[in-house]
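Trainee: Show me how the following folds:
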Amino acid sequence: MKKYTDQTRFLIAVDCIVFGFDGEHLKILLIKRGFEPEKDKWSLMGGFVRPEESLDGAANRVLTQLTGLEGVYLEQIQAYGDPLRDPIERTLSVTYFALIDIHKYETQISDQYHAEWFLLKDAPELIFDHGEMVEAAKKKIRYKAALHPILFELLPKKFTIPQLQNLYEDVYNTQIDNRNFIRKLTATKLLIKLAEKDKSGSKKGAFYFKLDKKKYKANFQAFLNFIPNPDKLISV
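Mentor: Below you'll find the predicted structure:
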């Protein structure tokens with residue numbers, strides 16, 4: 001097979017940023033790096049792209065290999081190409097983020113690389129430029145969640161309005177007016193109210209809801225904006 005001559009070659013990697021919701025708080029999944037440099041330091045789930053792989057294929061393989069997670073929502077974010085980002089060799093990294101319900105996937109999590117959930121505000125310092133990657137992923141999610149219902153990927157099949165509001169408040173690091181939130185939520189007509197209640201927080205309880213998947217798919221682009229002025233909040 002012919003190759004381009006007189007061209008510099010370098011490595012391509014993928015790094016996966018996994019956000020999860022446990023019903024109360026938004027968290028991030030981190031592992032301890034298994035090799036030098038920065039061995040045993042906290043890291044995103046990353047690995048090199050194999051010659052026969054697509055970027056998406058590599059991201060799914062790396063995520064499964066390092067955490068045990070399979071079948072999660074993955075989306076490509078951006079590439080990082082600072083020549084000095086990896087001290088060993090020139091490496092271009094393409095980032096992906098995954099959104100999961102922690103309880104749904106908790107039995108899949110592997111402890112081979114000490115995978116551990118951290119509250120976003122309590123996450124440890126990360127290797128290389130991984131901290132920058134996480135900040136970019138948070139901005140991406142904040143902006144997309146203001147326009148589309150992607151945060152439903154983090155919720156269990158049945159959930160309460162307080163759970164949903166807690167999730168949005170965690171993502172945006174802000175307080176949301178309860179009545180206004182419910183009004184906008186009702187206007188979307190994406191939720192189906194169930195007869196069952198969650199009484200773990202009070203005797204009165206809170207009704208469970210579920211997502212109307214047919215309307216969700218049909219009206220994804222028309223989803224009403226839950227968060228006013230999302231551009232002002234994405235850098236919070």
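Trainee: Distance of residue 105 relative to residue 156?
Mentor: Using CB to CB, to the nearest Å, residue 105 is found at 11 Å from residue 156. In this view, the C-beta of every residue, glycine as well, is placed from N, C-alpha and C.
Trainee: Overlap in contacts, the two.
Mentor: Counting by CB atoms under 8 Å, 6 or more residues apart in numbering, residue 105 and residue 156 have no contacts in common.
Trainee: Which residue of those two possesses the greater neighbour count?
Mentor: residue 105 (19 against 14; other CB atoms under 10 Å).
Trainee: close enough to count as contact, the more buried one and residue 72?
Mentor: Yes. The pair residue 105 / residue 72 is scored as a contact, 7.1 Å apart, by CB atoms under 8 Å.
Trainee: what's residue 61 in contact with, if anything?
Mentor: 47, 53.
Trainee: Looks to me like it is in a helix.
Mentor: Yes. If the criterion is DSSP: H, G, I helix; E, B strand; the rest coil, then residue 61 is within a helix.
Trainee: So in this protein, where's the weakest helix or strand by average pLDDT?
Mentor: One helix or strand of the chain scores below all others by mean pLDDT, DSSP states H and E: helix 230-233, with a mean of 51.
Trainee: Could you identify the helix or strand that succeeds the longest helix seen in the chain?
Mentor: Using DSSP state H to define each element, the chain has its longest helix at helix 130-147. Along the chain past helix 130-147, the next helix or strand (assigned with DSSP states H and E) turns out to be strand 159-160.
Trainee: That following strand: partners in the sheet, and parallel or antiparallel?
Mentor: strand 206-211 (antiparallel) (DSSP bridges).
Trainee: How about residues contacting the strand it pairs with?
Mentor: Applying CB under 8 Å, 6+ apart, the contact partners of strand 206-211 are 149, 152, 155, 157-162, 164, 190-198.
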